[in-house]
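Participant: Give me coordinates for this.
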Amino acid sequence: MFRHTSSGWAYWGDIGTVPSSGTWAQAVGTTPAIPAVTDQIAFGLSINANGTLTTDDYSLFATALPTAPPPGQLVSNGNLSQGTPMPDCFISAGWGNRSVTEGLSTDVPTNSAAGTRSYTYTVSSYVSGDVKLLESQTPGCAPSVAAGSQYNVSIDYKSTSANNSLTVFKHDSTGWSYWTDMKTLPAASSWTTATALSAPIPSGVDSISFGISLSGNGTLFTTNYSLQLPAPPPTSGTPSQVGSWQVLGTNMPIRNIHSTLLSDGRLLMIAGSGNDGNAFAAGTFKATVWNPNANTFTDVPVPYDMFCVGHATLPDGKVLVAGGTAAYPSASQGPTTFTGSAHSYYFDPKDNQFHPLLDMQGAHWYPTLTKLGNGDIWAAGGLNENASGSVLTEMFSSSAMGWLNKNNVPQTWSFWGLYPHMYLLNDGRLFYSGGHTFGNGLPGSGASLYNWQTARCGTLQDSGTRTSATRPGRCSCHRPRTSG
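Facilitator: Numbering: from 1, shown residues only. Below you'll find the model as predicted:
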């Protein structure tokens, strides 16, 4: 290689050697970092012994530091979304006597991630050889593999030619070399996924590069390159080691709506009215405790309709139950326009009884109760006493066994939805997944990080491979639902 500066041209160095070849072969290499003040380079193959050298198809393109693939995926930039005119971490390769046009395309499978592009080749005047898009030899680009392991390979493609092969190259201490064609691929007028399971990786091989070779006249599109280890086989062992599923011959005595594992290994199951308007009108509310070891059920008196309550286990093993159903919808209302209840009780496994607590500050039908690190219970969401979306955040003190005044609880005054999916993080904040029961989701991921102590939220944006949080602001989740 030679490089040019303001002082003129000068020899820069050799970046590799290539063996003799009786057929067309591709010589590839990566330059060192371009030195300062260099504005041009020139390169070629040098022959320094007797013989004949013929060269063709010179190419030079910038490489980029590869973006780490998502967990479990070994191909960087597999959807070709980064890099122009050549996708980052990929090279165009091929050999032979044929005419080729190539480039990026926005023609991609309909289920592709945002930003996905494809790479297309059109071959004409074909006599010999092939063309293919491969993972490049740039460090961090060619997928690393382990000797003896097998891998799932897949590429989305479509092709007007029947002369397609899934081709793999391997790297070891001696350099890169052709390994195998895993399979031939038929012509495909619409996007098709080519899949194959590799043979065990040979000893000494540390990375591979693969692509679809087109070896005839026609047009080929490829994208969504993927290399993954197969899923591990199911864990084997005895039921005492790995567990087992079985269908019990005993019917449940109630329509189980809410289940909570008790501290003694039994299961508290609550139906309330069980979504049965006649049972609600008759004041027939049910709950039972199931002993799985003895397969026995103990009925528990239910003081009010606990259908669609929220529940959480307190630090002492009692189960807090809050909210529920105060009234079913009338004939003129929508089927989910229930009126929320403000009642609150706790269940004590020691006596199999519900015990009354002071009511919540507001009514909630379908609330979420999430236990915090200090044992207190955060509660919000659901429909209020007017069958509208509740914007009230509540807090239960486990030490005082009571609900705090709403003025002592940081308020977002936002409707989180019905049973909002809220999880405690190890830093004390709450993660709202964006999931909830009924209604429409929010734009994007719909998720947020929520500091309940300050009532501030940071919206999460899903970029396909990573999730990022925006600057915290006021929580804004759902519009309050009105009755009807």
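Participant: surely residue 119 meets residue 87?
Facilitator: Yes - the pair formed by residue 119 and residue 87 meets the contact definition of C-beta atoms under 8 Å, at 6.5 Å. To be clear about C-beta, it is placed using only N, CA and C from the backbone, and glycine gets the same treatment.
Participant: Those two: who's more crowded?
Facilitator: Set residue 119 next to residue 87 and count neighbours by other C-beta atoms under 10 Å: residue 87 wins out with 27 against 22.
Participant: As a check, name the ranges of all strands in the stretch 1-150 of the chain.
Facilitator: Ranges of strands in the stretch 1-150 of the chain, per DSSP state E, counting those that start in this stretch, are 2-5, 8-11, 40-42, 90-95, 99-105, 118-124, 130-135.
Participant: Which elements pack onto the fourth one?
Facilitator: Just to be clear, that refers to strand 90-95. Using 3 or more C-beta pairs under 8 Å, 6 or more residues apart in numbering; DSSP states H and E, the elements in contact with strand 90-95 are strand 130-135.
Participant: Mind checking what helix or strand follows the helix or strand harbouring residue 220 in sequence?
Facilitator: According to DSSP states H and E, residue 220 maps onto strand 218-228. Using DSSP H and E, the next helix or strand after strand 218-228 towards the C-terminus is helix 239-242.
Participant: can you pull the contacts of the residue nearest to residue 146 when sequence neighbours are not counted?
Facilitator: Spatial nearest neighbour of residue 146, chain neighbours left out: residue 201 (6.4 Å); criterion: C-beta to C-beta, 6 or more residues apart in numbering. Counting by C-beta atoms under 8 Å, 6 or more residues apart in numbering, residue 201 makes contact with 145-151, 170, 208.
Participant: For this structure, list the residue farthest from the centre, please.
Facilitator: Distance from the C-alpha centroid of the chain, by C-alpha atoms, centre = their mean, peaks at residue 50 (57.9 Å).
Participant: Secondary structure class of residue 202, three-state.
Facilitator: In three-state terms, and counting by DSSP: H, G, I helix; E, B strand; the rest coil, residue 202 is coil.
Participant: what's the spacing between it and residue 171?
Facilitator: Distance, residue 202 to residue 171, using C-beta to C-beta, to the nearest Å: 11 Å.
Participant: between those two, who's got more neighbours?
Facilitator: More crowded of residue 202 and residue 171, by other C-beta under 10 Å: residue 171, with 19 against 12.
Participant: pLDDT averaged over stretch 458-466, what's the number?
Facilitator: Here stretch 458-466 scores 50 as its mean pLDDT.
Participant: likewise stretch 360-377?
Facilitator: Mean per-residue pLDDT for stretch 360-377: 96.
Participant: So for it, what gets flagged as buried?
Facilitator: Residues of stretch 360-377 classed as buried: 360-372, 376-377 (neighbour count, 16 or more other C-beta atoms under 10 Å).
Participant: how does the chain divide into domains?
Facilitator: Following automatic domain parsing, one gets these domains for the chain: 1-60, 67-228, 250-474.
Participant: would a markdown table of those with distance to residue 240 be doable?
Facilitator: Shown next, in a markdown table, are those (distance: least, C-beta to C-beta, whole Å):
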| stretch | distance to residue 240 |
| --- | --- |
| domain 1-60 | 55 |
| domain 67-228 | 31 |
| domain 250-474 | 15 |
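Participant: residues contacting residue 297?
Facilitator: By C-beta under 8 Å, 6+ apart, the contact list for residue 297 reads 253, 288-291.
Participant: Count the residues that sit near residue 452.
Facilitator: When counting by other C-beta under 10 Å, one arrives at 22 neighbours for residue 452.
Participant: so who does it touch?
Facilitator: Listed by C-beta under 8 Å, 6+ apart, the contact set of residue 452 reads 372, 378, 393, 410, 429-430.
Participant: Sort out which of the residues you listed are buried, if you could.
Facilitator: Buried, going by 16+ other C-beta under 10 Å: 372, 378, 393, 429-430, out of the contacts of residue 452.
Participant: Who does the residue nearest to residue 338 when sequence neighbours are not counted form a beta bridge with?
Facilitator: Once flanking residues are discounted, residue 338 sits nearest to residue 365: 4.7 Å by C-beta to C-beta, 6+ apart. Listed by DSSP bridges, the beta-bridge partners for residue 365 are residue 383.
Participant: Could you verify my assumption that residue 365 touches residue 328?
Facilitator: No - Residue 365 lies out of contact with residue 328 (C-beta under 8 Å); the separation is 10.4 Å.
Participant: Spit out the residues that contact these two alike.
Facilitator: By C-beta under 8 Å, 6+ apart, residue 365 and residue 328 have these common neighbours: 338-339.
Participant: give me the element residue 170 is part of.
Facilitator: Here residue 170 sits within strand 164-172, counting by DSSP H and E.
Participant: Just checking: what are the partner strands of that strand?
Facilitator: Here strand 164-172 has these sheet partners by DSSP bridges: strand 175-185 (antiparallel), strand 207-214 (antiparallel).
Participant: Out of these, which one sits most buried?
Facilitator: Sort the strands paired with strand 164-172 by mean neighbour count, taking mean count of other C-beta atoms under 10 Å, and strand 207-214 sits at the top with a mean of 25.
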